[in-house]
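>>> Quick one, structure for this:
(one chain, ligands or ions: 1)
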Amino acid sequence: MKIDAVTIFPEYFAPAQLSLLGKAQNKGLVELQVHDLRTFTSDNHNTVDDTPYGGGAGMVMLAEIWGKALDPLMVEDTDLIVLTPAGKRFSQSMAAEFAAKSHLIFACGRYEGIDDRVRQHYSSPEYQSKNVLVHEVSIGDYVLGGGEVASLVMIEAITRLIPGVLGNPESLIEESHNSDGYLEYPNYSKPQEWRGIPVPEILLSGNHAEIAKWRALQANERAKKNL
Ligand code: JCH
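Residues are numbered from 1 along each chain as shown. A predicted model of the protein is given here:
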């Protein structure tokens, strides 16, 4: 999978070189390219924003600069993901859908966001005929300073679902057995007693059918409690 991220803060993506995602890139399963939006400016101050038409607080990112950055990336079969607090809520099922794609672009805004004509332009019939889709996505109901951290969250959730990225595919199979991958039972490891708290007896029994039943019950109790 090819992933492009466009941002005025490329350094936010440094953690993408670590752990599973870093290894996936070394293995050639994921190719992440981070682009500095400011390299597409042509004025002395590298301006990427201006005041909003209609007035109001804050600044809006310029369509002209975003167009220059995105045009060369918007090839056939591309999903353009625009992060915004007003977007469709990101979920495990959405991650699975994006994991099957060949090319994702993450447009990371700052300030009050990006001039809406950028979204409109790349949603036009010209791009639809190139199998380009534009998605406005939010990772949750809280307001971040920009799209970078949200993109990193999405990239991690998506890329770990690409075949070969996770070392141990058993954990993916186990995830897929419950509804959305986050109905999890409580985990225990050594020692058998820690600060007076024992590991539940059933987990030491070797009875795998009973262990599976107990874990399913625990997962459901936990899910109800956290609603
Ligand atoms: C973003 C902002 C609009 C602050 C600028 C670009 C995504 N789940 C999620 N929370 N926040 C974001 C996000 C994504 C992209 C951008 N900002 C800051 C934008 C605002 O209007 C109230 C406020 C935030």
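>>> Now do the strands in this structure.
In the chain, strands defined by DSSP state E lie at 2-7, 31-36, 49-50, 60-61, 78-89, 103-107, 132-138, 193-194, 197-198, listed in chain order.
>>> Mind listing the strands the last one pairs with, and their directions?
Same thing as strand 197-198. strand 193-194 (antiparallel) (DSSP bridges).
>>> cool, and the third one?
Paired neighbours of strand 49-50 in the sheet (DSSP bridges): strand 60-61 (antiparallel).
>>> ok, the strand it pairs with near the ligand or not?
No: Strand 60-61 stays clear of the ligand (C-beta under 6 Å from any ligand atom), getting no nearer than 8.0 Å. From N, CA and C alone the C-beta is placed, and that goes for glycine too.
>>> what mean pLDDT does that strand have?
On average, the pLDDT along strand 60-61 is 98.
>>> what does stretch 152-160 give?
Averaged across stretch 152-160, the pLDDT comes to 98.
>>> so can I have CSV of the strands of the chain showing distance to Ile158 and mean neighbour count?
As requested, these are exported to CSV (distance: least, C-beta to C-beta, whole Å; neighbours: other C-beta atoms under 10 Å):
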stretch, distance to Ile158, mean neighbour count
strand 2-7, 8, 22
strand 31-36, 11, 16
strand 49-50, 28, 16
strand 60-61, 24, 21
strand 78-89, 10, 18
strand 103-107, 7, 24
strand 132-138, 11, 18
strand 193-194, 35, 10
strand 197-198, 36, 10
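>>> Those: which one's closest to Ala212?
strand 197-198 (20.5 Å; C-beta to C-beta).
>>> For that closest one, give me every contacting residue.
Outside strand 197-198, the residues that touch it by C-beta atoms under 8 Å, 6 or more residues apart in numbering are Gln192.
>>> how far does that strand sit from the chain's center?
37 Å (C-alpha atoms, centre = their mean, to the nearest Å).
>>> From the opening residue of stretch 88-105 to its closing one, how far?
End-to-end distance for stretch 88-105, by C-alpha to C-alpha, to the nearest Å: 16 Å.
>>> ok, it near the ligand or not?
No: Stretch 88-105 lies apart from the ligand when judged by C-beta under 6 Å from any ligand atom; the minimum separation is 7.8 Å.
>>> Please identify the buried residues of that stretch?
Phe90, Met94, Ala95, Phe98, Ala99, Lys101, His103, Leu104, Ile105 (16 or more other C-beta atoms under 10 Å).
>>> Please tell me how far Pro169 sits from Glu31.
22 Å (C-beta to C-beta, to the nearest Å).
>>> how far does the lowest-mean-pLDDT helix or strand in the chain sit from the chain's center?
Of all helical and strand segments in the chain, the minimum by mean pLDDT, DSSP states H and E falls on helix 169-177, at a mean of 74. Here helix 169-177 is found 19 Å from its chain centre; the criterion is C-alpha atoms, centre = their mean.
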